[in-house]
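Asks: Kindly return the folded structure for what I paste below:
(one chain, ligands or ions: 1)
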Amino acid sequence: MLKLDGVTVRFGERAALDAVDLEVAEHETVCVLGPSGSGKSTLLRVVAGLQPVDAGRVLLGGADQGGVPVHRRGVGLMFQDHQLFPQRDVAGNVSFGLRMRGVPRARQAERVEELLELVGLPGAGRRAVGALSGGEQQRVALARALAPSPRLLMLDEPLGQLDRTLRERLVVELRALFGRLGTTVLAVTHDQGEAFALADRVVVMRDGHIAQTGTPLEVWQRPASEFVARFLGFENVVAGVVSGVVASTEWGEVPVPAGSVQGPGRVLVRPAGVRLLPAGSGLPCEVASRTFRGNHVALRLRPRSGPVLEAECGVRDAAGVGEMVGVGFVGAEVVVLGG
Ligand SMILES: Nc1ncnc2c1ncn2[C@@H]1O[C@H](COP(=O)(O)OP(=O)(O)OP(=O)(O)O)[C@@H](O)[C@H]1O
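Replies: Predicted coordinates:
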């Protein structure tokens, strides 16, 4: 459906996108994830036709989009701040793309009703957009983007402004809706939770490059680099020398999965792989802090040497702040990271 082939965009000396290759299949939801300034919005703008490229090609359905204006690309766009027209009511907003395409009025009205039903706002056509809650406005913006049946729907931080509970609910609804409609979606977000919940595939960007792409599970289980691991919130990373299925580190010997890259490298231990042992065995650590996280407790452990460790333990087994504990590592939760 969508193919980016060596796309480069420069602003002055700096490349916002540097020879990016990316494919999105029909009916697939792909989320582009990355820190601020990594090039996510530029990527969307290039696909939409709002940003010219310095090199490379954008293909939609196999056709080169060079020179094809925004309104002829058949893509739907939904931005962070909704950008609803405040002077128009809900129906006037949703029917915008249909009016632009000269769809007859009666058909417009039918389609608006269909879409409002779809996004969970049946019969809201006459309401003023200013009188809607943030979540309702988001639904109207979505209905407006979907109205002309775009072949590709692009979302830029679609839930950016909403509070966490509402975002978590809407993300589940969106995923169900896209599945039902068979929509092809390219979304960008800096929120990994949102990307992981919404996407069939995530693309992690760094400085205009793709740092990793894979299913949410693949990326979560095997972050390709220290950058990706840290971006996902993993902090237990240490230098090590891998030999066979063991890495020698400042934390002592850490078991690593068979087949790991050998020699000097960076070693990640997911918090679930940090096991508390009775004091006197394993790596001696002092409990620096203890945070209740609902179904587990996150402990920050200060080892005798090496970086601080984060551990995840059962609510009952968690040691108190200031206590000394021993730590062991579970090889299945360890990843030897690439460069
Ligand atoms: N019109 C522009 N002129 C100059 N530089 C720009 C322009 N647009 C983007 N940039 C630069 O390109 C880089 C990528 O920007 P982009 O907006 O694509 O990042 P982003 O990942 O979407 O960030 P954010 O999450 O903050 O929106 C940044 O360094 C940014 O400063």
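Asks: Name the SS class of Ala258, please.
Replies: coil (DSSP: H, G, I helix; E, B strand; the rest coil).
Asks: Compute the distance between it and Val308, please.
Replies: 28 Å (Cβ to Cβ, to the nearest Å). All C-beta spots, glycine's among them, are computed from the backbone N, C-alpha and C.
Asks: got it, and Thr189?
Replies: 28 Å.
Asks: okay, and for the stretch 101-250 of the chain, where does confidence drop off?
Replies: 161 (pLDDT under 70).
Asks: show me the contacts for Val254.
Replies: 238, 240, 246-247, 267, 269, 329, 331, 334 (Cβ atoms under 8 Å, 6 or more residues apart in numbering).
Asks: what about 7 Å?
Replies: Applying Cβ atoms under 7 Å, 6 or more residues apart in numbering to Val254 gives the contacts 240, 247, 267, 269, 329, 334.
Asks: Spatially, what comes nearest to the third one if we skip its sequence neighbours?
Replies: Spatial nearest neighbour of Val267, excluding adjacent residues (Cβ to Cβ, 6 or more residues apart in numbering): Gly240 at 4.1 Å.
Asks: hey, where'd the helices end up in the stretch 151-300 of the chain?
Replies: Counting by DSSP state H, counting those that start in this stretch, the stretch 151-300 of the chain has these helices, from start to end: 164-181, 192-198, 216-221, 226-231.
Asks: Any chance of these in TSV with distance to the ligand and mean neighbour count as columns?
Replies: Formatted as TSV, the helices of the stretch 151-300 of the chain follow (distance: least, Cβ to the nearest ligand atom, whole Å; neighbours: other Cβ atoms under 10 Å):
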stretch	distance to the ligand	mean neighbour count
helix 164-181	16	15
helix 192-198	12	20
helix 216-221	17	16
helix 226-231	12	20
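Asks: Any chance of a markdown table for the ones you listed, columns distance to Leu116?
Replies: Below are the helices of the stretch 151-300 of the chain laid out as a markdown table (distance: least, Cβ to Cβ, whole Å):
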| stretch | distance to Leu116 |
| --- | --- |
| helix 164-181 | 13 |
| helix 192-198 | 22 |
| helix 216-221 | 31 |
| helix 226-231 | 37 |
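Asks: out of those, nearest to Gly314?
Replies: helix 216-221 (21.3 Å; Cβ to Cβ).
Asks: Quick one: list the elements packing against the closest one.
Replies: strand 201-206 (3 or more Cβ pairs under 7 Å, 6 or more residues apart in numbering; DSSP states H and E).
Asks: Which residues does the strand it packs on contact?
Replies: 22, 28, 30-34, 38-40, 195-196, 210-216, 219, 227-228, 231.
Asks: That strand close to the ligand?
Replies: No. With Cβ under 6 Å from any ligand atom as the criterion, the ligand is not reached by strand 201-206; the gap is at least 6.6 Å.
Asks: now stretch 259-268, how far from the centre of its chain.
Replies: 26 Å (Cα atoms, centre = their mean, to the nearest Å).
Asks: Give me the contact list for it.
Replies: So stretch 259-268 is contacted by 223, 226, 229, 234, 236-243, 247, 249, 254, 256, 334-337 (Cβ under 7 Å, 6+ apart).
Asks: and it, what's its mean pLDDT?
Replies: Stretch 259-268 shows a mean pLDDT of 95.
Asks: Not including adjacent chain positions, what is the nearest residue to the residue located most distally from the centre of the chain?
Replies: Distance from the centre of the chain peaks at Gly280, with 41.5 Å (Cα atoms, centre = their mean). In space, and not counting its chain neighbours, Gly280 is closest to Gly326: 6.2 Å by Cβ to Cβ, 6+ apart.
Asks: Tell me the bridge partners for the one you found.
Replies: Leu277, Pro284 (DSSP bridges).
Asks: Return the distance of it relative to the ligand.
Replies: 42 Å (Cβ to the nearest ligand atom, to the nearest Å).
Asks: cool, and Val32?
Replies: 8 Å.
Asks: What residues does the residue positioned nearest the centre of the chain make contact with?
Replies: When the chain is reduced to its mean C-alpha position, the nearest residue by Cα atoms, centre = their mean turns out to be Ala195, at 2.8 Å. Each residue near Ala195 by Cβ under 7 Å, 6+ apart is listed here: 31, 33, 189, 202.
Asks: what about the first one, helix or strand, and which?
Replies: When elements are defined using DSSP states H and E, Cys31 is found to belong to strand 29-33.
Asks: Can you tell me what sits against the helix or strand just after that strand?
Replies: The first helix or strand that comes after strand 29-33 along the chain, using DSSP H and E, is helix 40-48. With contact meaning Cβ under 7 Å, 6+ apart, helix 40-48 is reached by 2, 7, 9, 16-17, 20, 32, 34, 51, 53, 58, 70, 73, 75, 77, 154, 156, 186, 188, 205.
Asks: what's the next secondary structure element after helix 40-48?
Replies: strand 55-60.
Asks: buried stuff in that following strand?
Replies: Within strand 55-60, the residues scored as buried using 16 or more other Cβ atoms under 10 Å are 56, 58, 60.
Asks: Tabulate those residues in CSV, adding columns for distance to Arg300.
Replies: Shown next, in CSV, are these (distance: Cβ to Cβ, whole Å):
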residue, distance to Arg300
Gly56, 44
Val58, 45
Leu60, 48
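Asks: which one among these gets closest to Asn93?
Replies: Looking across the buried residues of strand 55-60 and measuring by Cβ to Cβ, the closest to Asn93 is Leu60, at 25.6 Å.
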